[in-house]
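Asker: kindly return the folded structure for what I paste below:
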Amino acid sequence: MVSIIQVLIQYIKQLHKEKAQLLYFIARFIPLRQFDFDESKSPKYQKFKVDKLPTIIKRETYDYLFLIELFQYKYNKAVKPIKRHKPANIPEDTCCPRCNAPHGYLYNNNGKLGQFLCSVCNERFNLKNHQSKELILKCPYCSNTLEAIKERKAFNIHKCRNKKCSFYLNNKRKVPPETSQDERSKYKLHYIYREFDFSFFTMDLDSLPKHASSLRFNKQSAHIMGLCLTYHVNLGLSLRVTSRALKEIHGVNVSHTMVANYAKTAAILVKPFIDHYDYKPSNELTADETYIKVKGIKSYIWFIMDAVSRSILGYQVSDNRSVVPCILTMRMAFDKFKSFPKTLTFVADGYSAYPLAAQGFAKLKKKFSVTQVIGLTNEDAVSKEFRVYKQIVERLNRTFKHSYRPTCGYDNINGAAYGVTLWVGYYNFLRPHNIYKNKRPLNTVAGLEAIPNMPGKWQMLLLLGQQQILDLQVKSQR
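Answerer: Purely as a prediction, here's the structure:
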């Protein structure tokens, strides 16, 4: 018994010695101070730092006449217009943005600095920053209302001015003490949010499906549409769960029907950009089809992807497994080539529609042979050599099914087409992929790389789609 205790004591002493050596090594060769605020070593690096999303509060509006009557009935208190001792510098056409109270019920709250106070609903507002806003952006650290400080071509910059904000105080402590006052201004101390809100051109309603949004945003904004697409497409949430997430996380009331309308409109706008983008495909393609449910009935989705870049070049939704949707998918993929390759490796499964479609393309002087990988095991030399191509497209199917499964199927074939179009746009241009070390998207677009958050990326993708539509209209008129 005594020997066991002695062994344990020696073992504890040895661990304590190793721990002391490790701490000495860390203190000497790994300065912990550099991890406190590594961005402070280079102020330029902070331009690429992205803060988390702000808190979104939906502004509630009232009728000032109703509030006056309510105060009279409930508290026996009459809210009368303000009796001024001297003229106030409040424009006569100014109204409260919350209850629409006229000029006579407004106080000049902070002298000549421009903030007003409504005596009916106690709303404090500034004509420049708050009167026309339906959504209020709050700092996620201190809940202070963000102030719009700059307007850019593609976004507005909002900043938290609170000097007691934990985000500001934490960053201020991390700035090296030897930094001068001029150099201190180069560091990012306050919380900053970039609100991407593009000015969409007016859409023709006749060109949109029934109940689709016109993108005029009478009640919501382009940012809310970007949030809907982020939750619904990126995260694979259903329409109702997306509506619930916007309500419980952001405090924004958007019905699941409106989310569906946004998705339909976005699919129509994004599709031209997806189909006409220069993917610079290789001569190695792989194809497969997978099953979906439309009102409980089995339907099909066809995918053709570049085996090298992993981009989806062709996609089609059909209610049958005939050769017609197979040909349409091939045509969509082959249109990405500027000149049809002389040696094309086309790998598919053992379904007979692919060789039949290849025969149809041979009449258009687009000759290629289909390499068919049959079965799940490598029982022949062809399957052993080309199995890797089949596995690539099968992983694509599993990735799609992961986002499709929460929907429990589609209501109609058009809805399935809209959903697949949005998912292909997300997969090709927005989704981070593990095949790259930095997990960047498959295709990098200059306008998308500069945007730090996903709602803004969706808005830019919609804008690129609209520009593509205009380019196609110009070409058709020539």
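Asker: run through the strands of the chain in chain order.
Answerer: Taking DSSP state E to define them, one finds strands in the chain at 55-58, 106-108, 115-118, 124-126, 135-138, 147-151, 155-159, 192-196, 284-294, 297-306, 312-318, 345-348, 369-372.
Asker: pull the number of nearby residues for residue 473.
Answerer: By other CB atoms under 10 Å, 9 other residues sit near residue 473. Placement of C-beta: from N, CA and C, glycine included.
Asker: JSON lines please, covering the strands of the chain and showing distance to residue 449 and mean pLDDT.
Answerer: Shown next, in JSON lines, are the strands of the chain (distance: least, CB to CB, whole Å; pLDDT from 0 to 100):
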{"stretch": "strand 55-58", "distance to residue 449": "25", "mean pLDDT": "74"}
{"stretch": "strand 106-108", "distance to residue 449": "45", "mean pLDDT": "82"}
{"stretch": "strand 115-118", "distance to residue 449": "39", "mean pLDDT": "83"}
{"stretch": "strand 124-126", "distance to residue 449": "34", "mean pLDDT": "76"}
{"stretch": "strand 135-138", "distance to residue 449": "24", "mean pLDDT": "78"}
{"stretch": "strand 147-151", "distance to residue 449": "21", "mean pLDDT": "83"}
{"stretch": "strand 155-159", "distance to residue 449": "14", "mean pLDDT": "79"}
{"stretch": "strand 192-196", "distance to residue 449": "13", "mean pLDDT": "72"}
{"stretch": "strand 284-294", "distance to residue 449": "27", "mean pLDDT": "91"}
{"stretch": "strand 297-306", "distance to residue 449": "21", "mean pLDDT": "92"}
{"stretch": "strand 312-318", "distance to residue 449": "20", "mean pLDDT": "92"}
{"stretch": "strand 345-348", "distance to residue 449": "31", "mean pLDDT": "91"}
{"stretch": "strand 369-372", "distance to residue 449": "36", "mean pLDDT": "86"}
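Asker: can you tell me which of the ones you listed is nearest to residue 175?
Answerer: Ranking these by proximity to residue 175 (CB to CB) places strand 192-196 first, at 16.2 Å.
Asker: what angle do that closest one and strand 147-151 make?
Answerer: Strand 192-196 runs at 60 degrees relative to strand 147-151, counting by axes from the mean of the first three to the mean of the last three CA atoms, to 10 degrees.
Asker: so how far is strand 192-196 off the chain centroid?
Answerer: A distance of 13 Å separates the centroid of the chain from that of strand 192-196, by CA atoms, centre = their mean, to the nearest Å.
Asker: what residues does it touch?
Answerer: The contact list for strand 192-196 (CB atoms under 8 Å, 6 or more residues apart in numbering) reads 51, 53-54, 137, 146, 154-160, 222-223, 226, 451-453, 455-456, 459-460.
Asker: do stretch 430-438 as well
Answerer: By CB under 8 Å, 6+ apart, the residues outside stretch 430-438 that reach it are 234, 310, 439, 440, 441, 442, 448, 454, 457, 458, 461.
Asker: low-scoring stretches of the chain, by residue?
Answerer: 1-2, 28-53, 58-59, 111-112, 128-134, 152-155, 196-219, 363, 477-478 (pLDDT under 70).
Asker: domain assignment for it?
Answerer: The record's domain parsing of the chain by automatic domain parsing lists 57-126, 139-196, 270-477.
Asker: now the strands of the chain in TSV, with distance to residue 66?
Answerer: Shown next, in TSV, are the strands of the chain (distance: least, CB to CB, whole Å):
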stretch	distance to residue 66
strand 55-58	19
strand 106-108	18
strand 115-118	14
strand 124-126	19
strand 135-138	22
strand 147-151	30
strand 155-159	32
strand 192-196	32
strand 284-294	48
strand 297-306	52
strand 312-318	50
strand 345-348	67
strand 369-372	71
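Asker: to residue 273, which of the ones you listed lies closest?
Answerer: Short answer: strand 312-318, nearest of the strands of the chain by CB to CB, at 13.4 Å.
Asker: touching, residue 230 and residue 459? I think so.
Answerer: No: here residue 230 does not reach residue 459: they are 10.5 Å apart, not a contact under CB atoms under 8 Å.
Asker: for those two, indicate the residue with more neighbours.
Answerer: The neighbour count for residue 230 versus residue 459, taken as other CB under 10 Å, is higher for residue 459 (25 against 21).
Asker: so that one is in contact with residue 221, correct?
Answerer: No: Residue 459 is beyond contact range of residue 221, at 9.9 Å (criterion: CB under 8 Å).
Asker: tell me the contacts of residue 143?
Answerer: residue 55.
Asker: among the strands of the chain, which comes closest to residue 64?
Answerer: strand 115-118 (8.0 Å).
Asker: how about the helices of the stretch 301-450 of the chain, start to end?
Answerer: Counting by DSSP state H, counting those that start in this stretch, the stretch 301-450 of the chain has helices at residues 323-334, 353-362, 381-404, 413-429, 446-449.
Asker: could you dump the longest one to PDB, C-alpha only?
Answerer: Coordinates of the C-alpha atoms in helix 381-404 are reproduced here as PDB (Å, rounded to 0.1, in the frame of the first residue of the first chain):
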ATOM      1  CA  ALA A 381     -12.700  -2.500 -65.900                       C
ATOM      2  CA  VAL A 382     -14.900   0.500 -67.000                       C
ATOM      3  CA  SER A 383     -16.600   0.800 -63.700                       C
ATOM      4  CA  LYS A 384     -13.300   0.500 -61.900                       C
ATOM      5  CA  GLU A 385     -11.800   3.300 -63.900                       C
ATOM      6  CA  PHE A 386     -14.800   5.700 -64.000                       C
ATOM      7  CA  ARG A 387     -16.300   5.000 -60.600                       C
ATOM      8  CA  VAL A 388     -14.900   8.200 -59.200                       C
ATOM      9  CA  TYR A 389     -17.000  10.300 -61.600                       C
ATOM     10  CA  LYS A 390     -20.200   8.500 -60.500                       C
ATOM     11  CA  GLN A 391     -19.300   9.100 -56.800                       C
ATOM     12  CA  ILE A 392     -19.000  12.800 -57.500                       C
ATOM     13  CA  VAL A 393     -22.500  13.200 -58.900                       C
ATOM     14  CA  GLU A 394     -23.900  10.900 -56.200                       C
ATOM     15  CA  ARG A 395     -22.500  13.200 -53.500                       C
ATOM     16  CA  LEU A 396     -24.200  16.100 -55.300                       C
ATOM     17  CA  ASN A 397     -27.500  14.200 -55.100                       C
ATOM     18  CA  ARG A 398     -27.000  13.700 -51.400                       C
ATOM     19  CA  THR A 399     -26.200  17.300 -50.900                       C
ATOM     20  CA  PHE A 400     -29.400  18.300 -52.700                       C
ATOM     21  CA  LYS A 401     -31.500  15.800 -50.800                       C
ATOM     22  CA  HIS A 402     -30.300  17.300 -47.500                       C
ATOM     23  CA  SER A 403     -31.900  20.600 -48.400                       C
ATOM     24  CA  TYR A 404     -34.900  19.000 -50.100                       C
END
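Asker: from the chain's centroid, how far away is stretch 451-458?
Answerer: 5 Å.
Asker: so which bits of it are buried?
Answerer: Buried residues in stretch 451-458, counting neighbours by 16 or more other CB atoms under 10 Å, are found at 451, 453, 454, 455, 456, 457, 458.
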